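Peer 1: after the sequence you'll find the predicted model.
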Amino acid sequence: MAATLLLEHVDARTRTEARVTADLSEARDRELVQRIERGDEDAFRGLFGRYAPSAMALARRVARQPFLAEEIVQEAFLAVWRNPSGYDQQRGSVRAWLMGMVHHRAVDAIRREESQRRRVEESMVSDPVVSPDPADDVADQIDLPEERKAVRAALDALPDEQRQVIELMYFDGLSQSKISEQLGLPLGTVKSRTLLGMRRLRGAIGGSAR
Amino acid sequence: MMRDHSRIEEFLAIRSIGGLDPQDEAELEREMASHGPDCQECRRLQAEYEETAGRLAFALDPVAVRDGVAEETFERAFGRAEPAGGRPGVPARRRGWLRPLVGVAAAIVLFAGGVIVGTAVTGEKPNEKTVLTFQSETEPGTLAAAFTPGSSGVYMVGTGLPPLPEGKVYELWLFTGDTPASAMCAVPTADGAVFGFSDASLEGVGLMAVTVESSDCPSAPTTQPVFTAEVSA
């Protein structure tokens, strides 16, 4: 009994510390964006240094071409520099906003590619989400271990069939109809699995940064 | 009474991760338009699913950004070439604190002959056995680094150091130009002694600095240095 209470206490404390860390981190990001609005170049460099490696990971995962990924990351950050007021604090965290821009650009890019089908077939054979590409250098300068842990735990907690459709959509850039076709599932099943999975993720990670 | 948002929610969830087909996108727009621009629930759902989707990116391990990418991005943003030495991951504001310290930090080179660091300072060429004592304007105690110039490996040895707050460590940084690289983290014992070793290369290192950091040893300094030592060429 005492051991259980102690574990609960430690767990609660850990969650509290993680939350405080996330809040401080988000406050710092918002300050950077405010400074970018005033034309502060150092703030832009700071935001780039903090998030470019994560943005690059996402762009490379979705686009699967390093040079295309670099262009996507550049364009996303330039959009921040040119229009920092595009960030709306009421709609979420800076990091989610930034990664959203990277993701949209990456998805748009691959949907223009003729070779999408081949990449999809390759990606469905292997390539789990959290396995790093051995050719990639892990950028040690990112201090977001709690964020990564929380997101991975939330994904791992999903039923396999929900995680599968979400990963195919988000990390492989497939549309709902493509997934339906690839997996041989009714479109309605793909939609419902996506919704159920995203609801769970929203409960785990979707509201904590606001 | 709140209107039904189940259809909108499904569309928003799928759109947030890029999976919505064009015909469903059009239907979503129509549905949301029918709720009006002031629909709080629509806005809440949209914000929360976009937040969720954006954070999914952090499931991936970060990927190092090629050196030229940051410079190109800054050039395109600021409309001019970046000065040499800029580096992504170390904002200029952070690097700024180093410049005055380079001139201030006085290096005292001793030939300790192994008294402090044992094998690190034993060898046949006395001029290769270098111990630098760090300078500090704020911290009591003595901190030194021992190494062989041009070779890999550095020891950090300290005595009489003050206790650190819980969860804090001393972190040694090796600077090549303006660029810091973490060499090691160490925690002083109860009597203020500290000892650590890193096999980091000393090639090109012009300055060593020690900061107080969190125990996860960040890979870029987050605080002002408490000890510094300039490394002779």
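Peer 2: Done, it's in.

Peer 1: how about the closest residue to residue B:60 other than its chain neighbours, what does it touch?
Peer 2: Of all residues not flanking residue B:60 in the chain, residue A:57 sits nearest, at 4.1 Å (C-beta to C-beta, 6 or more residues apart in numbering or on different chains). Any C-beta I mention is one placed from the backbone N, CA and C, and that applies to glycine too. Counting by C-beta atoms under 8 Å, 6 or more residues apart in numbering or on different chains, residue A:57 touches A:136, B:57, B:60-63.

Peer 1: JSON lines for the residues you listed, including neighbour count?
Peer 2: JSON lines is the format used below for the contacts of residue A:57 (neighbours: other C-beta atoms under 10 Å in any protein chain shown):
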{"residue": "A:136", "neighbour count": "18"}
{"residue": "B:57", "neighbour count": "28"}
{"residue": "B:60", "neighbour count": "25"}
{"residue": "B:61", "neighbour count": "19"}
{"residue": "B:62", "neighbour count": "25"}
{"residue": "B:63", "neighbour count": "26"}
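
Peer 1: what is the nearest of these to residue B:231?
Peer 2: Minimum distance to residue B:231 across the contacts of residue A:57 is 30.3 Å, recorded for residue B:62 (C-beta to C-beta).

Peer 1: on that earlier part again, mind checking the SS state of the residue nearest to residue B:60?
Peer 2: helix (DSSP: H, G, I helix; E, B strand; the rest coil).

Peer 1: about what we covered before: what's the most distant pair in the contacts of residue A:57?
Peer 2: Between any two of the contacts of residue A:57, the greatest separation by C-beta to C-beta is 14.7 Å, found for A:136 and B:57.

Peer 1: report the contact partners of the closest residue to chain A within chain B.
Peer 2: Using C-beta to the nearest C-beta, the single residue of chain B nearest to chain A is residue B:54, 2.6 Å away. Neighbour list for residue B:54: A:92-93, A:95-100, A:103 [criterion: C-beta under 8 Å, 6+ apart].

Peer 1: ok, which stretches of chain B are helices?
Peer 2: B:6-16, B:22-35, B:40-56, B:67-78, B:92-95, B:98-104 (DSSP state H).

Peer 1: what residues go with each domain of chain B?
Peer 2: B:6-59, B:96-230 (automatic domain parsing).

Peer 1: how far does the first one stretch from one end to the other?
Peer 2: Counting by C-alpha to C-alpha, to the nearest Å, you get 28 Å between the two ends of domain B:6-59.

Peer 1: same check, this time on stretch B:175-193
Peer 2: Using C-alpha to C-alpha, the two ends of stretch B:175-193 sit 24 Å apart.

Peer 1: buried residues, that stretch. List them.
Peer 2: Within stretch B:175-193, the residues that count as buried by 16 or more other C-beta atoms under 10 Å in any protein chain shown are B:175, B:178-186, B:188.

Peer 1: would you point out the helix or strand in chain A whose mean pLDDT is lowest?
Peer 2: Ranked by mean pLDDT, DSSP states H and E, the weakest helix or strand in chain A is helix A:116-125, scoring a mean of 50.

Peer 1: mean confidence for the helix or strand just after that one?
Peer 2: Beyond helix A:116-125 on the C-terminal side, the first helix or strand identified by DSSP states H and E is helix A:145-156. Averaging pLDDT along helix A:145-156 gives 89.

Peer 1: of all the residues in chain A, which one is nearest chain B?
Peer 2: Taking C-beta to the nearest C-beta, chain A has residue A:96 as its residue nearest chain B, at 2.6 Å.

Peer 1: that residue touches residue B:58, doesn't it?
Peer 2: No - here residue A:96 does not reach residue B:58: they are 9.3 Å apart, not a contact under C-beta atoms under 8 Å.

Peer 1: neighbours of the nearest residue in space to residue B:175 that is not next to it in sequence, how many?
Peer 2: Distances taken as C-beta to C-beta, 6+ apart put residue B:207 closest to residue B:175, at 4.1 Å, once the chain neighbours are dropped. Applying other C-beta atoms under 10 Å in any protein chain shown, we find 21 residues neighbouring residue B:207.

Peer 1: then residue A:183?
Peer 2: Using other C-beta under 10 Å, residue A:183 has 17 other residues around it.

Peer 1: which secondary structure element of chain B has the lowest mean pLDDT?
Peer 2: strand B:108-110 (a mean of 29).

Peer 1: stretch B:220-233: which residues count as buried?
Peer 2: The neighbour-count check on stretch B:220-233 (16+ other C-beta under 10 Å) flags B:220-221, B:225-231 as buried.
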